[in-house]
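Visitor: Need a 3D model of the sequence below.
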Amino acid sequence: MGDRLPSGHAPLDDVLGGGLPANAISLVMGRPGAGKTILAQQYAFRNGRSDRPAIYFSTVSEPLEKIVRFGQSLAFFDTAAIGTSVFYEDLGATASQGGLAGVAEQLDRVVRERRPGLIVIDSFKALQAFAADYGQFRKFLHELAGRLGAFPAASLWVGEYEDAEIASMAEFAVADAILSLTSERIGQREARFLQVKKLRGSAFRPGQHAYRLTANGLRLFPRLADAPIEQNYTLGDIRTSSGISALDNMLADGYWPGASTLIAGPSGSGKTLMGLHFVMNGARQGEPGVIATLQENPTQLQRVLGGFNWSLREPNVEVMYRSPVDIYIDQWVYDLLDAVERTKARRILIDSLADLRISAGDPIRFQEFIYSALQRFSRQGVSVLMTLENPYLFGAERISESAASQLSDNVVMLGYERDGDTIGRTIAVIKTRASRHDPTVRKFAIGPQGIVLDELLPATGDSHHHTTGPASVV
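Guide: Got it, this is the predicted structure:
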């Protein structure tokens, strides 16, 4: 093996600065069900070779037959590798009969015979039960670490450890790398996180990184933390149309390339439709767009589009629909990044931020993801339009409780205005970064051609006024 022990999953290796250290002891900790055994087998099948096999030692926490049986359901499990590049050994019976001395003897014998490149012990913590006291276990631990250190192989110890045990247990002092697998409940969801607690002699990406357990093993979504860049980057100076010419006039000829725009307003005010104007108008001008929706599924979205002579089958339009009841914001943002790269999209509609905020679990994490994503898209010259529902039907005093408005380059507020016995829709541009804008409030209607802007609202607040006719139609 080289200087690093790869996992076979590039995002995980990236978080680890290239992989776990080879010829060293790594410890994977977490509660039952966290995915420790899946990850350990993932490393075994990725690194086992016929001349330097992986040896997987089970102890007493889980029977060897159960580990192998569940392992066979995973895509990376290669039956042909068993007995050639991956070997399974049972330490449980040896520990029960011969104690820690018997365990040490079996480990020495198998290592001499197999000459492995990777040694997995699952569960290492379970071996403590066979020591008379923790002093005896510490002696066993240090003797074992000395033997393994003299042999050119990587060791992976798996255990049901808690964070509070890191400071008190000798295993953590001996280990060169420590990976922690945890889970948190966010509403009705369970979110899983991997964190590097220790990695000697290597840079790694700090913080909590979300993961899922799949048939392909552990799939990691690294924390999207966008660090400041030292060099400047160039954006175009040709404005991007909103798809509504009268709104472009209010925005001083549209949006800057790479700008982010927040459309805020109450339910039914036209937020999604305004986003569709933006994407569909760009698509018909040869600018690919991605509609990242958590509101309408493709069938529902096509029904909306069909009413305005648009179609999801048009060139340069891709829909990325995810159900809001089961999403990781971590996975979602990487799916969006991949979709933008694959389609070479220049415009994005995110509908809506409220669903993403719930999936994030806490406002700081949500802000971190939105900031990092917007910064990446800005450097690529990709324009983003985001929708956010505001609970106030009339006279909103604030946009939201999140930092979405501060992070956005442009903010457009939609609302309702009483007009006699009816309710009309209103629009106002309340923020444009590095640009002037028309601050007046306009009325608009939704018709077969989409959004149509009407006259200015009177300064007196009198709702009984005459219509001067549409200012523009898309």
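Visitor: ok, which stretches of the stretch 201-350 of the chain are strands?
Guide: Ranges of strands within the stretch 201-350 of the chain are 209-214, 217-221, 260-265, 289-293, 317-321, 347-351, based on DSSP state E, counting those that start in this stretch.
Visitor: right, so of those strands, which gets closest to residue 86?
Guide: The closest of the strands of the stretch 201-350 of the chain to residue 86 is strand 217-221. By CB to CB, the value is 14.3 Å. Glycine gets a C-beta too; all of them are placed from N, C-alpha and C.
Visitor: And for the closest one, what's in contact with it?
Guide: With contact meaning CB atoms under 8 Å, 6 or more residues apart in numbering, strand 217-221 is reached by 7-9, 11-12, 15, 35, 38-39, 41-42, 74-76, 194, 209-213, 328, 330-331, 333-334.
Visitor: same deal with stretch 204-213?
Guide: 14-17, 35, 38, 181-182, 191-196, 218-223, 225, 328, 330-331.
Visitor: Enumerate every residue touching the residue nearest the centre of the chain.
Guide: Nearest to the geometric centre of the chain sits residue 330, at 1.2 Å (CA atoms, centre = their mean). Residue 330 is in contact with 209, 210, 221, 222, 223, 224, 369, counting by CB under 8 Å, 6+ apart.
Visitor: repeat that with 6 Å
Guide: 210, 221 (CB atoms under 6 Å, 6 or more residues apart in numbering).
Visitor: Over to the one 4 residues further on?
Guide: Remark: with contacts taken as CB under 6 Å, 6+ apart, residue 334 is in contact with residue 221.
Visitor: Got the confidence number for it?
Guide: Reading off the confidence values, residue 334 has pLDDT 93.
Visitor: Just the pLDDT for residue 416.
Guide: At residue 416, pLDDT is 91.
Visitor: how close does it sit to residue 430?
Guide: Per CB to CB, to the nearest Å, residue 416 is found 16 Å from residue 430.
Visitor: same check, this time on residue 420
Guide: The gap separating residue 420 from residue 430 is 26 Å, by CB to CB.
Visitor: The two - which one has more neighbours?
Guide: residue 430 (15 against 8; other CB atoms under 10 Å).
Visitor: and residue 159, how many neighbours does it have?
Guide: 22.
Visitor: Can you report how many residues neighbour the closest residue to it other than its chain neighbours?
Guide: Once flanking residues are discounted, residue 159 sits nearest to residue 125: 3.4 Å by CB to CB, 6 or more residues apart in numbering. By other CB under 10 Å, 21 other residues sit near residue 125.
Visitor: Can you check the pLDDT for the residue lying closest to residue 380 once chain neighbours are set aside?
Guide: In space, and not counting its chain neighbours, residue 380 is closest to residue 258: 7.1 Å by CB to CB, 6+ apart. The model reports residue 258 with a pLDDT of 90.
Visitor: how much space is there between residue 258 and residue 279?
Guide: Taken as CB to CB, the span from residue 258 to residue 279 is 16 Å.
Visitor: just for this protein, where's the confidence low?
Guide: Scanning the chain for pLDDT under 70 picks out 1-2, 187, 226-236, 393, 395-403, 455-474.
Visitor: Using PDB, write down the CA coordinates of stretch 82-98.
Guide: Coordinates of each C-alpha in stretch 82-98 appear next as PDB, following Å, rounded to 0.1, in the frame of the first residue of the first chain:
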ATOM      1  CA  ILE A  82     -13.100 -14.100  -0.300                       C
ATOM      2  CA  GLY A  83     -10.200 -16.400   0.500                       C
ATOM      3  CA  THR A  84      -7.800 -14.700  -1.900                       C
ATOM      4  CA  SER A  85      -7.600 -11.000  -1.100                       C
ATOM      5  CA  VAL A  86     -10.100 -10.700   1.800                       C
ATOM      6  CA  PHE A  87     -10.200 -13.100   4.700                       C
ATOM      7  CA  TYR A  88     -12.600 -13.300   7.600                       C
ATOM      8  CA  GLU A  89     -11.400 -14.600  11.000                       C
ATOM      9  CA  ASP A  90     -13.400 -15.200  14.200                       C
ATOM     10  CA  LEU A  91     -11.700 -13.900  17.400                       C
ATOM     11  CA  GLY A  92     -14.800 -14.300  19.500                       C
ATOM     12  CA  ALA A  93     -14.400 -18.000  20.300                       C
ATOM     13  CA  THR A  94     -10.600 -17.500  20.900                       C
ATOM     14  CA  ALA A  95     -11.300 -14.600  23.400                       C
ATOM     15  CA  SER A  96     -14.000 -16.600  25.200                       C
ATOM     16  CA  GLN A  97     -11.600 -19.600  25.600                       C
ATOM     17  CA  GLY A  98      -8.200 -18.100  25.900                       C
END
